[in-house]
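*Asks:* Give the three-dimensional model of this entry:
(chains A and B)
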Amino acid sequence: MDILQLIANGIPAGVMYSLVALCIVLIHNGTNVVHFGYGDQITFAAYLVVIAQTLFGAPLWLAIASSVVISALFGLFIYLAILAPIRKTPLLVQVIATLAIGTALREGMRAFMGPDPWPFPALVAPRIFNLSGVFITSANVAAVAIAVIITVALFVFFKVSKYGQAIIAACENAKGASIVGISVTKVFASIWIVASVLAAVSAILMAPVVTLSPDMGLIAIKGFCAAVLGGFTSLPGAIVGGILLGLIETTAGYYISTAAKDVVAYGVLIAVVIFMPQGLFGKAQLKKV
Amino acid sequence: MTIQLSLHDVTVRFGGLTAVNKVSIDVSKGTIHSLIGPNGAGKTTVINTVTGVYPPTSGDVLFDGKSIAGTPPERICALGLTRTFQNTELFGDMSVADNVRLGMHRIAPYGVLSAALQLPTARHAERRISERVAELLDLVGLSDQRATEAQFLPFAKMRRLELARALAAEPTMLLLDEPAAGLRAGEVDELNGLLRMLKDRFGMTILLVDHVMPVVMGVSDRITVVNFGQKIAEGEPQDIRKDPAVIAAYLGH
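*Replies:* Below you'll find the model as predicted:
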């Protein structure tokens, strides 16, 4: 296998990590909370599609649309009902709350949908393109295309629009933001909605490729790795970190063994934390004493 | 003269500590009113209570005749009352111009979609906003640094930027929390000039909290003195200067 094929396999895996990392960083920038239940929110959104299709007989587009809407409302619920009321407690309490949300979702799905994998409908007809010796599947093309569109849309939103700027401002300095008339509560609520909508999008891209079981959300750990790689506070960093992680994994999978993929990925995470804790795009944390 | 901001017997308690005890202050429209007192006298607590950082334990705060006690800061901003902070609360990663632009959050007329599509109305609005940003930066003397990230400004300029951001919201009243602390003599004169101009040219009402006597005595129409959370004197600068209770509070008994 040549290097181009490795890239062609690594990038689609990477963009999934990028999407997850992007949302984890977004939530973290706004509320300082690392959302450990995010992966399970993705699994939940994937199950919503399956439930709408198999239990209610909805067509795929309707199933996807309802999953996006319910996921968004669920994100708003998490913020308003759980995290907003405890926002003044120590950070550890809030982080454990996100762990609890994740566990409740995961075990809830195991209880109601069973521990066995469910088949997930492919978004696009399965095809394999041959670009002069490099093979690319239609699912991967769709994943990259959607991820690119979402990324571009988000960056335009944050750069150009007033509401995007307000979100960035409130993430940086909530006190300053509220004094210029920005409702910090609304900003945080909208962050949770955006992240939860993207959880549904990730679910739809991921579920056909990996196996949809209650434990699918474990893939979010790779999103954390990507976020750490990118510096954990930088949105572009999250994107680059995700793609880099995808490439590293694929390369390790080919040259060492598929079983070594995860070992290498987490090895990179540990190395980054030890030698470059500010990540690729983060700012060095210097504390004046 | 009409009263713009009025505190009625405002008391603020944090647990067992009474930070502000039955303080009443009336600030007339179009005047500069100063609130002074030794460290820990409760001045910042008064400002925080007025701007909705925390509600008063008892008593009431009226702005333009309406009670604003317990109203969140973003709503108070919408009523036309805004402030600066003792240690500045800027958006450090953003440019000087963007900080001022964000000050217009409440009044800027364009939305997400029109801005993204660059519709003519949005472009027109955007041009007006840019002009206004330039005007405000000129007013506080930061025109040369519009592209600088706010975190790299020297402290005195951060203060002025925060003032520009506050003015961008087009308030009718400003609360300034120690705008002169740490300024050099020349900078104090500039600040005095700026405050007087805001009052004379724009009819702004200003409640000023400060320690720096050349500023307080130089610009104030009226001064309220607090100590240990209680009002101990109120009057015009020349009376305050001679007031025995004030001298005792500042020099010790």
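*Asks:* Residue 177: neighbour count?
*Replies:* In the absence of a named chain, chain A is used. Neighbour count of A:A177, defined by other Cβ atoms under 10 Å in any protein chain shown: 25. Bear in mind the C-beta positions are built from the backbone N, C-alpha and C, glycine included.
*Asks:* switch to chain B, that's the one I care about
*Replies:* Residues lying near B:D177 (other Cβ under 10 Å) number 23.
*Asks:* same question, A:V194
*Replies:* Here the number of neighbours of A:V194 (other Cβ under 10 Å) works out to 19.
*Asks:* Next, it: secondary structure please.
*Replies:* helix (DSSP: H, G, I helix; E, B strand; the rest coil).
*Asks:* does the residue nearest to it when sequence neighbours are not counted belong to a helix or a strand, and which?
*Replies:* Distances taken as Cβ to Cβ, 6 or more residues apart in numbering or on different chains put A:L26 closest to A:V194, at 6.9 Å, once the chain neighbours are dropped. In the assignment (DSSP states H and E), A:L26 maps to helix A:3-31.
*Asks:* which of the residues in that helix are buried?
*Replies:* Using 16 or more other Cβ atoms under 10 Å in any protein chain shown as the test for burial, helix A:3-31 gives A:5-31.
*Asks:* in what helix or strand does B:A164 lie?
*Replies:* Under the criterion of DSSP H and E, B:A164 resides in helix B:155-168.
*Asks:* Outside of that helix itself, list whatever touches it.
*Replies:* Identification of contacts with helix B:155-168 by Cβ atoms under 8 Å, 6 or more residues apart in numbering or on different chains yields A:179-180, B:82-85, B:88-90, B:96, B:99-104, B:132-133, B:136-137, B:139-142, B:145, B:150, B:153, B:174, B:176, B:179, B:182-184, B:187, B:194, B:198.
*Asks:* anything in whichever helix or strand comes after it near chain A?
*Replies:* Using DSSP H and E, the next helix or strand after helix B:155-168 towards the C-terminus is strand B:173-177. No. Against chain A, strand B:173-177 shows no contacts by Cβ under 8 Å from any Cβ of the partner chain, the least distance being 9.7 Å.
*Asks:* and the residue of the stretch 151-253 of chain B nearest chain A?
*Replies:* In the stretch 151-253 of chain B, the residue that lies nearest chain A is B:A169 (5.9 Å; Cβ to the nearest Cβ).
*Asks:* wait, that residue sits on B:R106?
*Replies:* Yes. Using Cβ atoms under 8 Å, B:A169 is in contact with B:R106, at 5.8 Å.
*Asks:* From the neighbour counts alone, determine which of the two ranks first.
*Replies:* Shown here are B:A169 and B:R106; by other Cβ under 10 Å, B:A169 has more neighbours (21 against 18).
*Asks:* Enumerate every residue touching the more buried one.
*Replies:* Contacts of B:A169 (Cβ under 8 Å, 6+ apart): A:V180, A:G181, B:C77, B:T82, B:G103, B:M104, B:H105, B:R106, B:I107.
*Asks:* Name only those of the residues you listed that count as buried.
*Replies:* Judged by 16+ other Cβ under 10 Å, buried ones among those: A:V180, A:G181, B:C77, B:T82, B:G103, B:M104, B:H105, B:R106.
*Asks:* Redo those as CSV? Include pLDDT and secondary structure.
*Replies:* Below are the buried ones among the contacts of B:A169 laid out as CSV (pLDDT from 0 to 100; DSSP: H, G, I helix; E, B strand; the rest coil):
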residue, pLDDT, secondary structure
A:V180, 87, coil
A:G181, 86, coil
B:C77, 90, helix
B:T82, 92, strand
B:G103, 89, helix
B:M104, 87, coil
B:H105, 84, coil
B:R106, 80, coil
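*Asks:* how about the residues you listed in a markdown table, adding distance to A:V210?
*Replies:* What follows is the buried ones among the contacts of B:A169, written out as a markdown table (distance: Cβ to Cβ, whole Å):
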| residue | distance to A:V210 |
| --- | --- |
| A:V180 | 44 |
| A:G181 | 44 |
| B:C77 | 47 |
| B:T82 | 51 |
| B:G103 | 47 |
| B:M104 | 46 |
| B:H105 | 42 |
| B:R106 | 46 |
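*Asks:* now, which of the residues you listed sits nearest A:P236?
*Replies:* Closest approach to A:P236 among the buried ones among the contacts of B:A169 (Cβ to Cβ): B:H105, at 24.3 Å.
*Asks:* Quick check, the closest one in contact with A:S161.
*Replies:* No. Using Cβ under 8 Å, B:H105 makes no contact with A:S161, being 11.7 Å away.
*Asks:* For residue 91, give me the backbone phi and psi.
*Replies:* This is for chain A. phi -60, psi -40 (degrees, to the nearest 10).
*Asks:* Can you look at chain B instead?
*Replies:* Main-chain torsions, B:F91, degrees, to the nearest 10: phi -100, psi 90.
*Asks:* ok, now A:T233?
*Replies:* Main-chain torsions, A:T233, degrees, to the nearest 10: phi -120, psi -10.
*Asks:* Can you tell me how far it is from chain B?
*Replies:* As judged by Cβ to the nearest Cβ, to the nearest Å, A:T233 and chain B stand 10 Å apart.
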